[in-house]
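> What shape does this take:
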Amino acid sequence: AGNKYTSPEDFVSDLALVFSNAIVFNKDGRDIGDPLSCAYYDASIHLLRYCRWLSLELLTEYVDESEHVDESEDPNLPPTSWKLTSGNRKRARDEMESIVLKEPIEKSLEGDRYTWMEAECEKLLKSLRHQSDLRYMTFFIQPNYPADYAAFIARPMDWERVQKTLKNRQ
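Predicted coordinates:
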């Protein structure tokens, strides 16, 4: 009523609905092998999982200390809606850890074409560099650190160093 969110869960519900709708809409096309539908379907599942994890991490002040865990009706899909509970947060953390942290990055040899994963890392880096606000991000874009930077930062990192490490397949 009045186009206002009355709770954080209402907001999270709408975010989840974006990806849930994309999953439903693209399912038939995916089932018949339409490449675009397959891509949207898979991306929507991934983004729904990411949205779930991120909402439970960033809205911590609204997370109820309950062990309640929302289950999906389809075992191949993440839940399409969830309550902000510590049980859901733990499940989402475990899921993200298994997807992101335990998945090894396939490496190519220096001079060869990037593997799919390396290419995705490069796209992410380019996107981050493009999105960076030059006024606030100069330390990360070009290694131009202030004189006392090392006194506060033990391991400096900048876009150039990340790009060089990726290019060297490290």
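
> What's the end-to-end length of stretch 108-117?
One end of stretch 108-117 sits 10 Å from the other (CA to CA, to the nearest Å).

> what comes up buried for that stretch?
For stretch 108-117, the neighbour count (16 or more other CB atoms under 10 Å) marks residue 114 as buried. In this view, the C-beta of every residue, glycine as well, is placed from N, C-alpha and C.

> from here on, count from 50
With the count now opening at 50, the last piece we talked about shows up as stretch 157-166.

> ok, and what's touching that stretch?
Outside stretch 157-166, the residues within contact range by CB atoms under 8 Å, 6 or more residues apart in numbering are 154, 155, 156, 167, 171, 216, 217, 218.

> go on, stretch 73-86?
By CB under 8 Å, 6+ apart, stretch 73-86 touches 87, 89, 90, 91, 93.

> what about residue 129, distance to residue 70?
9 Å (CB to CB, to the nearest Å).

> So the two - more neighbours on which side?
A direct count of neighbours by other CB atoms under 10 Å for residue 129 and residue 70 places residue 129 higher, at 19 against 12.

> Run a quick neighbour tally on the closest residue to the more buried one other than its chain neighbours.
In this structure, residue 129 finds its nearest non-sequential neighbour in residue 69, 4.0 Å apart by CB to CB, 6 or more residues apart in numbering. Look at residue 69: counted by other CB under 10 Å, it has 20 neighbours.

> One more: residue 167?
So residue 167, with other CB under 10 Å, has 18 neighbours.

> returning to what we had before: tell me which of the contacts of stretch 73-86 fall in strands.
Of the contacts of stretch 73-86, none are assigned to strands by DSSP state E.

> Now, of those residues, which are buried?
89, 90, 93.

> mind checking how far the last one is from residue 156?
Spelled out, that is residue 93. For residue 93, the distance to residue 156 - CB to CB - is 28 Å.

> Residue 85 now?
For residue 85, the distance to residue 156 - CB to CB - is 29 Å.
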